[in-house]
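Q: Predicted model, plus sequence, below.
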Amino acid sequence: MTSPTVQAREQEAARAGASSHPVRGINHMAFPTFDPAGTIHFYGDVLGLPLVQTMQVKAWGPEYQRDFVHFFFDIGNADCLAFFYYFGQEPYRDKNLPPLLDLGKHVALHVDTLEDLDGFAKRIEDAGLTLDMRVMHETVESIYVRDPNGILIEIARPLRELTEADAVDAEITAQALLDIVASDVEPTLDALWTRKAELIASAVPA
Amino acid sequence: MTTLYFLDAAEFTDVSAVAAAQPGARVERLPGYVAVTSDGPLTVDRRATGVRHSVWYSALAAVGHGRVVQYDKDALKVEPAQ
């Protein structure tokens, strides 16, 4: 359950119309690229995200460092998706990454409306690229496409607002997960369901 | 006595409603959850819920005193714990 301290802070923050923490989104997420032309075309032309900053940097620091270009695309809210192109670096891609772990690692961009999502689907298909998937998840609808670097890019629109019930459930689920991974039982979804029920029941006045 | 908990959210309403409609099932609204309790097994037919797969497979929030013996494209079946 949410601790009284956390709950009080969040309630106070909600009353003040402010967040309970000082983080304001993602400053930037950065990835190496071995295909700067494809990357600039994909994000700049296909998705239409403005290139807002670049830097060209002479190698310094650790001996493995190389001269590089670092470039930043605006993804809204002053957040950026950034890439490094390292001069002279041999391309590398982990071919042994299991598919499940590959899918689990992705970037999800947020759009507000169905029209926005459809617009991106059209831009991607008009560019001759193939959407990997279009999925109605629980609380978002998403399209997926691979960028030229193999990064799975998800674009998602909300299907509903998150509620207090979602926040409470998140706290209980996290506590149940912490409990089962710290216990002697094998961590399974069945164990999680069972522990969550115990936590929910204990939170309800008899 | 087995209890199935569903998050009290719009996308899961049809799942908890089908569970609650089972003979012998009792429903209780808790803060954040809908709890469906039965003395015997509880079975929820996926097609009767009408929900899409992504919602179906994340609908079950917790299981009290029970064991999930089936959770697939056809049904969710939970039996009382031994």
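A: Perfect, thanks for sending it.

Q: Mind listing what's buried along the lengthiest helix in chain B?
A: When chain B is parsed with DSSP state H, its longest helix is helix B:13-20. For helix B:13-20, the buried set under the neighbour-count rule, 16 or more other Cβ atoms under 10 Å in any protein chain shown, comprises B:14-20. C-beta: built from backbone N, CA, C; applies to glycine.

Q: Likewise for stretch A:141-151?
A: So for stretch A:141-151, counting by 16+ other Cβ under 10 Å, buried means A:141-145, A:147-149, A:151.

Q: any chance you could map the helices in the chain?
A: No chain specified, so I'll use chain A. A:4-15, A:36-40, A:99-103, A:114-126, A:164-182, A:189-203.

Q: Hmm, no, I was thinking of chain B.
A: B:13-20, B:46-49, B:53-56.

Q: Could you save the ones you listed as a markdown table and add columns showing distance to A:Gly88 and mean pLDDT?
A: Formatted as a markdown table, these follow (distance: least, Cβ to Cβ, whole Å; pLDDT from 0 to 100):
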| stretch | distance to A:Gly88 | mean pLDDT |
| --- | --- | --- |
| helix B:13-20 | 56 | 97 |
| helix B:46-49 | 55 | 98 |
| helix B:53-56 | 44 | 95 |
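
Q: mind checking which of the ones you listed is nearest chain A?
A: Chain A lies closest, by Cβ to the nearest Cβ, to one member of these: helix B:53-56, at 4.9 Å.

Q: can that closest one be found next to chain A?
A: Yes - applying Cβ under 8 Å from any Cβ of the partner chain, one finds helix B:53-56 in contact with chain A at B:54-55.

Q: what distance separates that helix from the centre of its chain?
A: 13 Å (Cα atoms, centre = their mean, to the nearest Å).

Q: which of the residues in that helix are buried?
A: By 16+ other Cβ under 10 Å, the buried positions in helix B:53-56 come out as B:54-56.

Q: Give me the contact list for the longest helix of chain B.
A: B:4, B:6, B:25, B:27, B:34, B:36, B:42, B:44-45, B:48-51, B:55-56, B:59, B:76 (Cβ atoms under 8 Å, 6 or more residues apart in numbering or on different chains).
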